[in-house]
Every structure is written in structure tokens, then in C-alpha cells.
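>>> I'd like to go over a predicted model; first the sequence, then the structure.
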Amino acid sequence: MVVLSQPILDDLAQFKTCKPAPDIFTGIPVIDLSDPNAKARVVQACKDFGFFKLINHGVSMELFSLLEAEAVNFFKLPQQEKQKSGPPTPFGYGNKRIGPNGDVGWVEYLLFSTNSAQNPIFPGIPQTLWCLVNEYVSAVRNMACEVLEMIADELRIGEKDALSRLIRDEKSDSCFRLNHYPPCPELQALSGRNLIGFGEHTDPQIISVLRSNNTSGLQICLRDGSWVSVPSDHASFYINVGDSLQVMSNGRFRSVKHRVLSDSLKSRVSLIYFGGPGLSEKIRPLSSVMEEGEESLYKEFTWSEYKKSAYKSRLGDNRLSLFEKS
Ligand code: GA4
């Protein structure tokens, strides 16, 4: 029999739980970057799911594995050591608290701006980890730009770099997070449920690029409102459409709601790049995607306005609803 002490039970009580996901969903589009039909398939996936898996992406397994190993080493450090790089305001080490408005999750993480000048000095982060983060972010950004250029081409947006320039720009407000979801075998044994690691939400930026170790946990919400489990695959990337790209496509693309359940037995480590525009960039539907006479579904806003509003929201809020035209 599993016996949990009262303090542990009290601590666990603040986290939401969920029944472990039944089957792994096999319907997620898998897009081969070298496929001549990739552009059309990416656009279709952004419309249908706001989410797809990317294979043959050209970012080396070795770089991912090295960074993953460094991240694991960091998360193994004593709590006191990790805390030296926190709290995340908004960048740095965070444990169980997500964002500034009371959200919690069974997760610890490191959140960085991809613009070094915006990060405070993190006394607890080893130089090797820092260097690998920079190398990885630059490889993933290039790949994300390639995807955005394919989208721009397929949508017949005049300039090929209309979307990619937003995240390539040196003023781009992008960030990168390393998440560690520790296992919690006791709770599983006790209740048959899993802890919610990162509650349901959409990403505010343009595009998010995720890679994880071989532990499952990620779920996405389909158009019919059902939640399905994404197969884990450490060799591939998962790409999701963010709120800003939903607006730029005037609602054609879907900013996908997603969440992470912690695994009861295995640690999950995920690495996510969030490609966002510069603070003063205006976010509005691209004129080239609009049909004649089509109205914008959203009021125009700058990324700075959207971000400010996002940081006042709770994780699960529908942040775009404030910017929808009534
Ligand atoms: C969700 C996507 C990214 O992880 C993130 C998150 C951010 C944070 O963890 O600080 C936010 C969340 C995310 C949206 C609403 C606000 C801000 C936590 C939160 C409650 C880094 C981001 O850009 O927005």
C-alpha cells in the first residue's frame, strides 16, 4: 500500500489531476520537410489542427540530446541551487508556479528570452547549458523560418519573408523554455490519476516549436473539443500555431489549445521555442489572405499590447476574445 505523508498530500492538493489519457492519437499530420507537397500539407494542418509533426527537419539529434542532457543535469541540482536563477519575472527558473496570476502545475522550468539583453544574469546556469541553448535556438529559429516561408508561399503572400522576418528580426520578442515534469508514482498508485503539468492554454506568439524526450504527456484539443494524446517522439518536432498567426490568417489557422499531463513513472523533458514578433509590430490579418470584401475578425493590436494583456490573464483564458470584433 502507498502511504503519503500529510504534508505531501496537502502539497499535491493544489494541483489539478486528470485520468491518464486512453489511446495515443494517430491522426496528427506528419509532414516531411523534404516532400514536394509539404507547403500545401503544412497549410492544411494549420487549418485543421493548428498542429503538426515535422520530420526530416534537418536539426541534428546530437544537438538536441546534448541540450536535453544539460537540462536534465540542471534539474537534478539541489533546489537551492536552481532557485538562484529564479523566480521567473518573467525569465529564469520557476517551480510549480506558472505566470504571474496564480496558475500552478506539476512542472519546473527555465524560461529565457532569445534576446540576451532581456535576460537578467542567471547565477545558477552553467555556461555549457547557456551555449547549447543559444546554438539550439538558432537552429530551431532557422527551421521555424523555413516553415513560415512555406506558409507565406502557399498563401500567396507577396513577400516570401512576410512572416519569417518577424521572428528573424533582432527585435523579435521570442522566448525559449526548458520544462521538466517530474513523475509522481505515489499519486497514480493512490488515485489512478495523473497530475496536470501544464494546464490547457494557447500560445500567444506566432509559432511554437516543441521537441521532447520519449515521454508522453502532451495533449491537444481537436475542433470537436475532445482531448487527444500526442505520441512522444524525440527525433521530431511538433509545431503549433499561436494566437498571432491565427489573427494574421483571419481565423483560417487555429491556435491550438494544448496541455501536458505528467507521466506517473517517467520524467518528461521538453524544449520549446516560441517565435514572437517585435513589440511594436502590428498584428492584423494579412491583406493577401483576405478574400474580396472579407472583414477582419479582430481589432488591430501591437504585439506589445497583446503581450501586456496576456500577462494579466490566467493560463486557460481565451486571450484573443478581448481582441475579437463583436
Ligand atoms: C504560454 C506560452 C509560453 O509558455 C509563455 C507562457 C507565459 C509564462 O509562462 O510566463 C504565460 C502563458 C504563456 C500565457 C499567459 C500568461 C503568460 C503564463 C501566463 C499565465 C512563456 C508565454 O509566452 O505565454
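Sure thing, it's come through. Since this is a predicted model, take the numbers as computed values, not measurements.

>>> the residue in the chain that the ligand sits nearest to: neighbour count?
Taking CB to the nearest ligand atom, the ligand has its nearest neighbour within the chain at residue 99, 2.5 Å off. Yep, even glycine has a C-beta here, placed from its N, CA and C like the rest. The tally of other residues near residue 99 (other CB atoms under 10 Å) stands at 18.

>>> work out for me the element residue 149 sits within.
Secondary structure from DSSP states H and E places residue 149 in helix 127-154.

>>> that helix packs against which elements?
Helix 127-154 sits against helix 38-48, helix 61-76, helix 164-168, strand 175-181, strand 207-212, strand 237-241, strand 268-275, with contacts defined as 3 or more CB pairs under 8 Å, 6 or more residues apart in numbering; DSSP states H and E.

>>> any idea which helix or strand comes after the fifth one?
Per DSSP H and E, strand 207-212 leads on to strand 218-221 as the next helix or strand towards the C-terminus.

>>> buried ones in that following strand?
Neighbour counts over strand 218-221 (16 or more other CB atoms under 10 Å) mark 218, 219, 220, 221 as buried.

>>> let's have the residues you listed in a markdown table, adding pLDDT and distance to residue 142.
Output for those, formatted as a markdown table (pLDDT from 0 to 100; distance: CB to CB, whole Å):
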| residue | pLDDT | distance to residue 142 |
| --- | --- | --- |
| 218 | 97 | 23 |
| 219 | 96 | 28 |
| 220 | 97 | 25 |
| 221 | 96 | 29 |
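
>>> what about the residue lying closest to the residue of the chain closest to the ligand once chain neighbours are set aside, distance to residue 98?
Among residues not flanking residue 99 along the chain, residue 315 sits closest, at 6.1 Å (CB to CB, 6 or more residues apart in numbering). Distance, residue 315 to residue 98, by CB to CB, to the nearest Å: 6 Å.

>>> list, one by one, the residues from the stretch 151-300 of the chain near the ligand.
175, 177, 201, 203, 204, 274 (CB under 6 Å from any ligand atom).

>>> helix/strand/coil for the fifth one?
The local conformation at residue 204, judged by DSSP: H, G, I helix; E, B strand; the rest coil, is coil.

>>> quick one: contacts for it?
Contacts for residue 204 were tallied using CB atoms under 8 Å, 6 or more residues apart in numbering; they are 242, 243, 244, 276, 306, 307, 310, 319.

>>> low pLDDT regions in the stretch 201-326 of the chain?
Of all residues in the stretch 201-326 of the chain, none has pLDDT under 70.

>>> got it, and the stretch 51-200 of the chain?
189.

>>> tell me, what's touching residue 315 and residue 98 both at once?
Counting by CB under 8 Å, 6+ apart, the residues touching both residue 315 and residue 98 are 198, 199.

>>> which secondary structure element contains the residue nearest to residue 12 when sequence neighbours are not counted?
In space, and not counting its chain neighbours, residue 12 is closest to residue 187: 6.1 Å by CB to CB, 6+ apart. Using DSSP H and E, residue 187 sits within helix 185-191.

>>> please identify the buried residues of that helix?
Applying 16+ other CB under 10 Å to helix 185-191 flags 186, 187, 188 as buried.

>>> chain center to that helix: distance?
Averaging C-alpha positions (CA atoms, centre = their mean, to the nearest Å) puts helix 185-191 28 Å from its chain's average.

>>> report all helices and strands that the helix or strand immediately after it in the chain contacts.
Later in the chain than helix 185-191, the nearest helix or strand by DSSP H and E is strand 194-201. Contacts defined by 3+ CB pairs under 8 Å, 6+ apart place strand 194-201 against strand 17-18, strand 103-113, strand 175-181, helix 185-191, strand 258-261.

>>> paired strands for the last one, with orientation please.
So that's strand 258-261. Paired strands of strand 258-261, with direction, are strand 194-201 (antiparallel), strand 218-221 (antiparallel) (DSSP bridges).

>>> can you redo the ones you listed as TSV with distance to residue 227?
Formatted as TSV, the strands paired with strand 258-261 follow (distance: least, CB to CB, whole Å):
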stretch	distance to residue 227
strand 194-201	8
strand 218-221	5
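
>>> between these, which one is nearest to residue 210?
Checking the strands paired with strand 258-261 against residue 210 by CB to CB gives strand 218-221 as the closest, at 7.4 Å.

>>> contacts for the helix or strand just after the closest one, please.
Next in sequence after strand 218-221, counting helices and strands by DSSP H and E, comes strand 227-229. With contacts defined as CB under 8 Å, 6+ apart, strand 227-229 is touched by 21-25, 27, 216, 218-222, 259.
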